[in-house]
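Student: Take this sequence and fold it.
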Amino acid sequence: MIVATLLILTAAFLSVAFPLATYTLTLASFGLAHVLTELRYVNYRFHQRLNIDLQRKIVILLLIIVNLRISQLLGIVNSSISVSLELICVIGLVAVVIPILKAKDWKLATLGILVCTILFTGVLWIPTLMMLLLAVLHNITPIGFIAERLRGLQRKFALIACFIVFALIPLIIISGYPYNFLSSLNLVAPSADILQAGNLQLHLGAFVPKELHQMAIAQNAFSATVFLQCMHYAVVLGVLPNWEKNFLVWNRQNIFEKVVIFLSTLIFIYFAQSFADARKLYSIAAAVHAWVEFPILLLALAIPAEEKIII
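Tutor: Alright, predicted model coming up:
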């Protein structure tokens, strides 16, 4: 508990005082590791609840998304078109589980339809803004994994902690009071950058709409999201593997960890050489792990652990 508290406070301090350095360094160091770890956890925890037909549909839609990202990276498809098509695929990922949700509870099916409607509205309205919003909200998905895994009093305490970490602290950061306090002590350097990724203004767009970039709230909103990203990484890399290890052969887990460390080292070197190019490459893997959570977390509401889909 003490270690976790220190980790949270340290992440909050670094996100406010050195937002750019914290963002770039944590992404380069833990981004790919958290993607691979989360995908492995999703497979271990949920694959028994998915029939072959549903798995095939999800994989096809994810492969389309990967191809869209690659096409955009190569300049084959315009980014505005690619973003819209990708969001349509995400709508498809939600739509394929609606029949299962309906068979369990019409209220869950209504939730699935509502999610599709919101996403479709984003496609028609401002696709890039919807994509940005989803990128920010993705950082709170560990709450879903925690709620799905725990039960009873343990779940209640965990969700209270999640509220503090994933809602209360970010709101305090957005208020600007932490930054003003640290600034009065000369403890802030917003554009400090270890990986030479450019100034803070270049990276605000990762989490903040460009319409807000010139406003005072922009930096605080960026810092709050950087903190959320750090907490996302902490749960995925520090909590989920411990739940998974009880069900895996030690040798297989050891091999997986070595592969993750090796690949993470390679991508870190690439980030250090060219942060912008590495981030584009990383976004392909990041898209897969982010979008697969939509059908998975919706199914978690309908299908209890270890129950297999018959539909």
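
Student: just checking, what packs against the helix or strand harbouring R56?
Tutor: According to DSSP states H and E, R56 maps onto helix 52-73. Counting by 3 or more C-beta pairs under 8 Å, 6 or more residues apart in numbering; DSSP states H and E, the packing neighbours recorded for helix 52-73 are helix 79-95, helix 275-291. From N, CA and C alone the C-beta is placed, and that goes for glycine too.

Student: hey, which helix or strand in this structure has the poorest pLDDT?
Tutor: Least confident helix or strand of the chain, by mean pLDDT, DSSP states H and E, is helix 240-245 with a mean of 78.

Student: residues contacting L237?
Tutor: For L237, the contact set (C-beta atoms under 8 Å, 6 or more residues apart in numbering) comprises 30, 33-34, 37.

Student: 6 Å - rerun?
Tutor: Going by C-beta atoms under 6 Å, 6 or more residues apart in numbering, L237 touches 34, 37.

Student: pLDDT weak spots in the stretch 101-250 of the chain?
Tutor: The model of the stretch 101-250 of the chain has pLDDT under 70 over residues 244-250.

Student: now the nearest residue to H232 once chain neighbours are set aside: how far from G92?
Tutor: Spatial nearest neighbour of H232, excluding adjacent residues (C-beta to C-beta, 6 or more residues apart in numbering): N139 at 4.4 Å. Note on N139: its distance to G92, by C-beta to C-beta, to the nearest Å, is 23 Å.

Student: One more: L137?
Tutor: Distance from L137 to G92, counting by C-beta to C-beta: 19 Å.

Student: before we move on, what about T26?
Tutor: Separation of T26 from G92 (C-beta to C-beta): 31 Å.

Student: So for T22, which of the helices and strands packed on helix 52-73 sits nearest?
Tutor: Nearest to T22, of all those, is helix 275-291, at 13.9 Å by C-beta to C-beta.

Student: picking that back up, which positions in the helix holding R56 come out as buried?
Tutor: The neighbour-count check on helix 52-73 (16 or more other C-beta atoms under 10 Å) flags 54, 57-58, 61-62, 65-66, 68-69, 72-73 as buried.

Student: Looking only at residue counts, what's the top helix in the chain?
Tutor: helix 19-46 (DSSP state H).

Student: on that earlier part again, now the angle between helix 275-291 and the helix holding R56, please.
Tutor: Relative orientation of helix 52-73 and helix 275-291, computed by axes from the mean of the first three to the mean of the last three C-alpha atoms, to 10 degrees: 160 degrees.

Student: Other residues contacting helix 52-73?
Tutor: With contact meaning C-beta under 6 Å, 6+ apart, helix 52-73 is reached by 77, 79, 82, 85-86, 89, 92-93, 96, 280, 284, 287-288, 295.

Student: Who are the packing partners of the next helix-or-strand element following the least confident helix or strand of the chain?
Tutor: Later in the chain than helix 240-245, the nearest helix or strand by DSSP H and E is helix 250-273. For helix 250-273, the elements it packs on are helix 19-46, judged by 3 or more C-beta pairs under 6 Å, 6 or more residues apart in numbering; DSSP states H and E.

Student: In the one helix or strand V136 maps to, which residues are buried?
Tutor: V136 is part of helix 127-137 when elements are defined by DSSP H and E. Of all the residues in helix 127-137, those buried under the rule 16+ other C-beta under 10 Å are 127-128, 130-132, 134-136.

Student: Throw those into a markdown table and include distance to S15, thanks.
Tutor: Shown next, in a markdown table, are these (distance: C-beta to C-beta, whole Å):
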| residue | distance to S15 |
| --- | --- |
| P127 | 28 |
| T128 | 24 |
| M130 | 25 |
| M131 | 22 |
| L132 | 18 |
| L134 | 20 |
| A135 | 16 |
| V136 | 14 |
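
Student: And the furthest pair within those residues?
Tutor: Farthest pair in the buried residues of helix 127-137, by C-beta to C-beta: P127 and V136, 15.3 Å.

Student: Give the rounded mean pLDDT of stretch 12-20.
Tutor: When pLDDT is averaged over stretch 12-20, the result is 97.

Student: How about residues contacting that stretch?
Tutor: Contact with stretch 12-20 is made by 22, 169, 173, 178-179, 182, 187-193, 200, 222-223, 226-227, as judged by C-beta under 6 Å, 6+ apart.
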